[in-house]
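> sequence plus predicted model, see below.
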Amino acid sequence: MKIIGLLLAVFLLLAVGVSAQDTGSSTTAASTAKTEKRKSRGQAFRPTKTQIKSGQQALIDAKLLTGEATGKYTDETREAIRSYQKANDLDVNGKFDKATLEKMNIPLTDHQLGKTSEKKADTGSSARDGQKRPAPFRATAEQIKAAQTILVGEKLFAGSVDGKFTDAFRSGIGEYQNAKGLKETKTLNASTLDKMGIALTDEQKANVEAWKAYNESKKD
């Protein structure tokens, strides 16, 4: 009987130990799952206020949103984003996600691109939030031809209307800019095209907004 009692006691101790181990394993697994879930949430893409503002302006220019670009999410903004995403074969989620910002030519920060802070100086981004330097503004061949036609009409250019930049054409642009009170750059920038009444493409409008956002990020 004593032997049987000892065996039962040993069995009970082993059972308690196994139960405690299973409970500990379950607790550890649950804790690990929660940690991974928090990490996953932490890695969610988050647009900056400047990017939201630029995105709203792009939607306003595309006639998908009315009002002003405030940099704040609204129900109207989310609905306009969905319309834009649907028209451009993007994931329709109503958010300024990475793919949507890239489609709008809105620069991403180095952090959003997964770059380290040491590379910020090389990419020309601002020290404050890693704003990437936008691409230079470029006029299309059709816009160049339209500008050449205008300069010919104002007797500021005597060359061919061929959509090509020449020294004579640049000189004519400079004279036009001086005459219209614009900064003389001798390039067909957005302000010069606007003064000439030549419409910008959606991509160029996004580029202009990107430059505004970049210059604002360099302040302070």
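Here it is on my side, so go on. Residues are numbered from 1 along each chain as shown.

> give me the pLDDT for residue 111.
For residue 111, the pLDDT comes out at 81.

> do the same with residue 217
80.

> what about it, how many residues nearby?
20 (other CB atoms under 10 Å). Quick note: C-beta positions are derived from backbone N, CA and C, even for glycine.

> now do it against residue 68, distance only.
20 Å (CB to CB, to the nearest Å).

> also residue 89?
For residue 89 relative to residue 68 (CB to CB), the value is 28 Å.

> same deal with residue 163?
36 Å.

> do residue 113 as well
Look at residue 113 and residue 68: by CB to CB, they are 29 Å apart.

> who has more neighbours, those two?
residue 113 (14 against 10).

> and the closest residue in space to the more buried one that isn't next to it in sequence, how many neighbours?
Nearest residue to residue 113, sequence neighbours excluded (CB to CB, 6 or more residues apart in numbering): residue 132, at 7.6 Å. Using other CB under 10 Å, residue 132 has 21 neighbouring residues.

> same check on residue 133?
Neighbour tally, residue 133, other CB under 10 Å: 14.

> just checking, it touches residue 214?
Yes: using CB atoms under 8 Å, residue 133 is in contact with residue 214, at 6.2 Å.

> pull up the overlap in contacts between those two.
Common neighbours of residue 133 and residue 214, counting by CB atoms under 8 Å, 6 or more residues apart in numbering, are residue 107.

> residues in contact with stretch 137-157: which ones?
With CB under 8 Å, 6+ apart as the criterion, stretch 137-157 contacts 158-165, 168-169, 171-173, 175-176, 188-190, 192-193, 196, 198, 201, 204, 207-208, 211.

> which ones among those are found in helices?
Counting by DSSP state H, the contacts of stretch 137-157 place 168-169, 171-173, 175-176, 190, 192-193, 196, 204, 207-208, 211 in helices.

> the chain: helices as residue ranges?
2-42, 49-61, 75-87, 98-103, 110-113, 120-123, 141-153, 167-179, 190-196, 202-217.

> hey, least reliable of the ones you listed by pLDDT?
helix 120-123 (a mean of 45).

> just give me the neighbour total for residue 158.
For residue 158, using other CB under 10 Å, the count is 10.

> try residue 167
9.

> can you pull the contacts of it?
Per CB under 8 Å, 6+ apart, neighbours of residue 167: none.

> that one and residue 109, how far apart?
Taking CB to CB, one finds residue 167 at 39 Å from residue 109.

> what of residue 170?
From residue 170 to residue 109 the distance is 35 Å (CB to CB).

> which of those two has more neighbours?
Using other CB under 10 Å, the more surrounded residue of residue 170 and residue 109 is residue 109, with 20 against 15.

> beta partners of that one?
When assigned by DSSP bridges, residue 109 has beta-bridge partners residue 131.

> domain-wise, how is this protein divided?
Split into domains by automatic domain parsing, the chain comes to 45-136+202-220, 141-200.

> first to last residue in the shortest one, what's the distance?
This means domain 141-200. 12 Å (CA to CA, to the nearest Å).

> ok, stretch 188-201 next?
First-to-last residue span, stretch 188-201, CA to CA: 14 Å.
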